[in-house]
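Q: compute the structure for the input listed below.
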Amino acid sequence: MAQDEHRVYVLRHGTTEWSKTGQHTSRSDIPLTVEGELRARQAGQTLSALRPAGPVVVLASPRQRAQRTATLAGLADVVTEPLLAEWDYGDYEGLTTAQIREKVPGWTVWTHSCPGGETAADVTVRADKLLARIQDTDADVALVGHGHFSRCLIARWLGLPTTSGVHFALDPAGITVLGHERGVPQVERSNIPPWQHG
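A: Model prediction:
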């Protein structure tokens, strides 16, 4: 497959109770809600409409919310990929941004540290390893993961700093399509909702 024909489909897991409330979720293995399961199925229909027929390599985070999303989306032969795990929030696991800002005014994951968790540099290493791993894959790739780490992947695909992920939205069960134009990495489609086809 020529480089310009190669596509990477970044799929965020469906809705969980914590994603609805804005609680930071990395290591906690929170299941999908009923709505999250529906959106995951719809995301599968969207992927089918977006992708030409042909082989696809499917990698998913070890967390059940990503694994279940991949299954409900109809993706076959899913390979568990630890590099796709969410940014580790450390001591901020389960807290909302508002709660964290009570102690650290102005905090965001993009600009501040996560005590006991990962730094932006740590996440960059993981993202770069994953992108290097799929670079020469002779098929399209579907990456099923999480909000913050997926946005970091998009930034690194474009050669931007990991923290530039702040500029890319990715809603639960949303899809972003990564590709190339004459060898230059690009975002072909961004944050496609799971109910939008074509």
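
Q: from here on, just use CA atoms for contacts and neighbour counts.
A: Noted.

Q: quick one: strands adjacent to the longest strand anywhere in the chain?
A: Assignment by DSSP state E gives strand 184-192 as the longest strand of the chain. Strand pairing for strand 184-192, using DSSP bridges, gives strand 175-181 (antiparallel).

Q: tell me how far the residue nearest in space to the middle of the chain lies from residue 179.
A: Nearest to the mean C-alpha position of the chain, counting by C-alpha atoms, centre = their mean, stands residue 150 at 2.9 Å. According to C-alpha to C-alpha, to the nearest Å, residue 150 stands 15 Å off from residue 179.

Q: now swap in residue 51 and tell me
A: Using C-alpha to C-alpha, which is the criterion applied here, residue 51 is 12 Å from residue 179.

Q: these two: which is more packed in?
A: Using other C-alpha atoms under 10 Å as the criterion, residue 51 and residue 179 rank with residue 179 on top: 22 against 15.

Q: list the contacts of that one.
A: For residue 179, the contact set (C-alpha atoms under 8 Å, 6 or more residues apart in numbering) comprises 4-8, 185-188.

Q: among those residues, name the buried ones.
A: The neighbour count (16 or more other C-alpha atoms under 10 Å) marks 6-8, 185-187 as buried among these.

Q: and which of these is nearest to residue 44?
A: residue 8 (14.7 Å; C-alpha to C-alpha).
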